[in-house]
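Asks: A structural model of the following input is requested.
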Amino acid sequence: MYCTIKSPAFIYAAILFFTFSLLSCSTSQVAMEVLVPGDIAVSQEINDVGIVNRSLPADDEKFTNFLEGLFTGESILADKIGSENCLIGLANELHDSPRFNIEIIEGIDLRGTGTREFPALLTWGEVKNLCKTYKVDAMIVLETFDSNIFLEQGEEEKEKKVDGREILVIEYYAELNVDVNAGWRIYDPVNKVIVDQNVYRDHISWYEDDEKPEKVMKRLPSKREAVNQAAIHAGNRYARRISPTWLKVNRAYYTKGHDDFELTKRYVKTNSWDEAANVWQRLVDSPDLKIAGRAAYNMALASEMNGDLEIAIAWAKKSYEECGNKKALHYLRILERRLADQQILQQQMGE
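Replies: Take a look at the predicted model:
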């Protein structure tokens, strides 16, 4: 079984995974979280925000949506429940962010087109009243939400070795694909501006194969669950657009090449970076450039873990430029990216 998510959200993490997979023969991994900036900056005047769903169709659009559900094979309520999960995805991601205080606003009936077409703007009077009622500075509105589901099934002959000989077997497969389209607006009633209007399109697919067709379909999520997962992801993605968010990454460090590298694994496991650095510091001037380069690389990691990116960059440069550790160049680029991100984060966080 595999599940794929085609979205820019994973580009940053994918680059890190690819980079450090190059080091796997002589290294171990340690996990950390980094705060990455949002794609856009939101005014520092906006701190408390309300989140509201306006994507459901008005009464005169309901029959059209009913027909769409019949023709596409979707559950009639799939988009309604999906849109609610999209708001949850946004709220959960923003809850973990240090930038905003958020509240999902329920119990009000705001209606849109029920399609991928944006409705007319809310009036500033409506927005002002909502912000006053719920004591927030701005409104994040899910203006549109639409999902499409595609299920492909089939069978094919494959060779399989049984009792030492090749035989042909029939293998059944199924692929479930979900496309989600979520359109957002942020209303700033004080300055009477639309801070952002953006559409996120996400695609998730699941694939299963087996010699028994009933097992294939049993392993796939239901269509409703598939839509809900895609919707939550779409909400997560919009949060990352408008707010700094935490990203889990792995970092590699050298554990082979010298006995002391192996010993410091204990310190790393307990986050005792100063103790580990004391050991690596003794090796950075080793006459063996391979050992010195690895020690300098590890010093860069210790510095990053202690929050000093400029010193981390200096160590990574030493590892690459003076010791010829080519892997350090990849790490150097990541550290430089993080340092540039720090400047953006300071602007977005108002520091």
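
Asks: Show the end-to-end separation of stretch 119-126, please.
Replies: End-to-end span of stretch 119-126 (C-alpha to C-alpha, to the nearest Å): 15 Å.

Asks: residues making contact with it?
Replies: Outside stretch 119-126, the residues that touch it by C-beta atoms under 8 Å, 6 or more residues apart in numbering are 54, 110-113, 139, 141, 143-144, 185, 187, 189, 192, 194. Yep, even glycine has a C-beta here, placed from its N, CA and C like the rest.

Asks: switch the cut-off to 7 Å
Replies: By C-beta atoms under 7 Å, 6 or more residues apart in numbering, the surrounding residues in contact with stretch 119-126 are 54, 112-113, 143, 187, 189, 192.

Asks: Just put the residues you listed in TSV and tack on pLDDT, neighbour count and distance to Ile88.
Replies: What follows is the contacts of stretch 119-126, written out as TSV (pLDDT from 0 to 100; neighbours: other C-beta atoms under 10 Å; distance: C-beta to C-beta, whole Å):
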residue	pLDDT	neighbour count	distance to Ile88
Arg54	95	22	16
Gly112	89	23	18
Thr113	87	21	22
Glu143	96	23	17
Tyr187	98	26	20
Pro189	97	20	25
Lys192	97	10	29
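
Asks: Including secondary structure and distance to Glu45, could those go into TSV?
Replies: Below are those laid out as TSV (DSSP: H, G, I helix; E, B strand; the rest coil; distance: C-beta to C-beta, whole Å):
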residue	secondary structure	distance to Glu45
Arg54	coil	23
Gly112	strand	27
Thr113	coil	30
Glu143	strand	22
Tyr187	strand	13
Pro189	coil	11
Lys192	coil	13
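
Asks: In a markdown table, list those residues along with distance to Glu159.
Replies: Formatted as a markdown table, these follow (distance: C-beta to C-beta, whole Å):
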| residue | distance to Glu159 |
| --- | --- |
| Arg54 | 54 |
| Gly112 | 53 |
| Thr113 | 52 |
| Glu143 | 52 |
| Tyr187 | 60 |
| Pro189 | 66 |
| Lys192 | 67 |
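
Asks: tell me the domain ranges of this protein?
Replies: Domain segmentation of the chain under automatic domain parsing yields 39-243, 248-349.

Asks: what's the span of the shortest one from first residue to last?
Replies: The one in question is domain 248-349. End-to-end distance of domain 248-349 (C-alpha to C-alpha): 20 Å.

Asks: Any idea which of the domains of the chain gets closest to Ser28?
Replies: The minimum distance between Ser28 and the domains of the chain falls on domain 248-349, with 4.8 Å, by C-beta to C-beta.

Asks: Quick one: mean pLDDT for that closest one?
Replies: Averaging pLDDT along domain 248-349 gives 95.

Asks: What of stretch 197-206?
Replies: Stretch 197-206 comes out at a mean pLDDT of 91.

Asks: Alpha carbons of it, in PDB - could you do that?
Replies: Taking Å, rounded to 0.1, in the frame of the first residue of the first chain, the C-alpha atoms of stretch 197-206 are listed here in PDB:
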ATOM      1  CA  GLN A 197      -7.200  35.400  -1.300                       C
ATOM      2  CA  ASN A 198      -5.800  32.100  -2.200                       C
ATOM      3  CA  VAL A 199      -6.800  28.600  -3.500                       C
ATOM      4  CA  TYR A 200      -5.100  25.400  -2.400                       C
ATOM      5  CA  ARG A 201      -5.400  22.400  -4.600                       C
ATOM      6  CA  ASP A 202      -4.300  19.100  -3.100                       C
ATOM      7  CA  HIS A 203      -4.200  15.600  -4.500                       C
ATOM      8  CA  ILE A 204      -3.900  12.400  -2.400                       C
ATOM      9  CA  SER A 205      -3.800   8.900  -3.800                       C
ATOM     10  CA  TRP A 206      -3.900   5.500  -2.300                       C
END
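
Asks: centre of the chain versus that stretch, how much separation?
Replies: 12 Å (C-alpha atoms, centre = their mean, to the nearest Å).

Asks: same thing with stretch 79-88?
Replies: Its chain's C-alpha centre lies 18 Å from the corresponding centre of stretch 79-88 when counted by C-alpha atoms, centre = their mean.

Asks: Mind listing what's buried along it?
Replies: Of the residues in stretch 79-88, 79-80, 82-88 count as buried by neighbour count, 16 or more other C-beta atoms under 10 Å.

Asks: Columns pLDDT, secondary structure and distance to Leu122 on top of the residues you listed, output as JSON lines?
Replies: Listed next are those as JSON lines, based on pLDDT from 0 to 100; DSSP: H, G, I helix; E, B strand; the rest coil; distance: C-beta to C-beta, whole Å:
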{"residue": "Asp79", "pLDDT": "88", "secondary structure": "helix", "distance to Leu122": "21"}
{"residue": "Lys80", "pLDDT": "90", "secondary structure": "helix", "distance to Leu122": "20"}
{"residue": "Gly82", "pLDDT": "93", "secondary structure": "helix", "distance to Leu122": "22"}
{"residue": "Ser83", "pLDDT": "94", "secondary structure": "helix", "distance to Leu122": "17"}
{"residue": "Glu84", "pLDDT": "94", "secondary structure": "helix", "distance to Leu122": "19"}
{"residue": "Asn85", "pLDDT": "95", "secondary structure": "helix", "distance to Leu122": "23"}
{"residue": "Cys86", "pLDDT": "95", "secondary structure": "helix", "distance to Leu122": "18"}
{"residue": "Leu87", "pLDDT": "96", "secondary structure": "helix", "distance to Leu122": "16"}
{"residue": "Ile88", "pLDDT": "95", "secondary structure": "helix", "distance to Leu122": "22"}
